[in-house]
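Undergrad: how would this look folded up:
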Amino acid sequence: MAYEVEAPKYVRLAQTIQGRIEDGTYAPGTRVPSENQLVQAFGMSRPTVVRALELLKRDGWLESRQGYGTIVRGRPAGVEQRDRRGRKVLARDESQGSGALVKVGYVPVPARVASALGVPKRAKVLMRRLLVEDDGEPVELISSYFPAGLVEGTELESAVPLSGSTRAHLEARKKIRFDHVTERVSVRIPDSGDAELLGLPDGVPVLSVLIIACDASGQALQVSDVLLPADRQELEDTYRLS
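TA: Residues are numbered from 1 along each chain as shown. Take a look at the predicted model:
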């Protein structure tokens, strides 16, 4: 069983602000919203907001200027330009690249996805499942889940690959905005269907990356469960010690 511990609120808020710096919402040289504005916007306490800002200042994303407030510095020079998996999944064009849309339909929501989407257990949600290949070898199985109420007025129920990404499609059709992503990593033994699609022998585990994409209020818009054969993965990260 994989035990998942959610990051502290101040860390999640810092990640959200960092994402807004990276996407240009908070441009370098501009002033970050005041503490009061951040408290109201995110519904978090002042100590949480203060701690998140302190973390971003420590890591070089923000700086304080006397008499002017907190200023955006931008991406610190020492931060590696990593292609985060969640961003890659949300930007994937279903009609391009190697791979196939292997299933589209309503399914009983998996327990860990129900929790992330905020829907009742055993509710049915729409799933789009994409098998990604590299030189003819399956390397990823991406199962993306959407709450039923978000599907109306979109082409998500179509078994034809979308021209563009699910994120772009939803933002255009539903007039919503994806704001931030949380990723949870665990290891598990896949069920027989998933193992067959990935070409895995019995007993070989998979690395599961649960990608929870939310709007600014924290409401999940899409949850994607990315399965990667664990015997073909190696995780590495380099970071500063403060």
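
Undergrad: and for the most centrally placed residue in the chain, nearest residue in space, chain neighbours not counted?
TA: Nearest to the geometric centre of the chain sits Val181, at 3.3 Å (CA atoms, centre = their mean). Of all residues beyond its chain neighbours, the one nearest Val181 is Gly86 (3.9 Å), with distances taken as CB to CB, 6 or more residues apart in numbering. Glycine gets a C-beta too; all of them are placed from N, C-alpha and C.

Undergrad: returning to what we had before: element containing the residue nearest to the centre of the chain?
TA: strand 180-188 (DSSP states H and E).

Undergrad: list the contacts of the closest residue to Asp215 other than its chain neighbours.
TA: Spatially, and ignoring its direct neighbours in sequence, Asp215 is nearest to Asp179 (5.2 Å; CB to CB, 6+ apart). Going by CB atoms under 8 Å, 6 or more residues apart in numbering, Asp179 touches 16, 19-20, 214-216.

Undergrad: list the ones among these that fall in strands.
TA: Counting by DSSP state E, the contacts of Asp179 place Cys214 in strands.

Undergrad: list only buried entries from the contacts of Asp179.
TA: 16, 19-20, 214 (16 or more other CB atoms under 10 Å).

Undergrad: and the furthest pair within those?
TA: Arg20 and Cys214 (13.1 Å; CB to CB).

Undergrad: doesn't Ala100 make contact with Ala159?
TA: No - taking CB atoms under 8 Å as the definition, Ala159 is not a contact partner of Ala100, at 11.1 Å.

Undergrad: and these two? Which one has more around it.
TA: Each of Ala159 and Ala100 has its neighbours counted (other CB atoms under 10 Å); Ala100 has more, 14 against 10.

Undergrad: list phi and psi for that one.
TA: Ala100 adopts backbone torsions of phi -150, psi 140, taken as degrees, to the nearest 10.

Undergrad: now name the helix or strand holding the closest residue to it other than its chain neighbours.
TA: Among residues not flanking Ala100 along the chain, Leu131 sits closest, at 5.4 Å (CB to CB, 6+ apart). Using DSSP H and E, Leu131 sits within strand 124-134.
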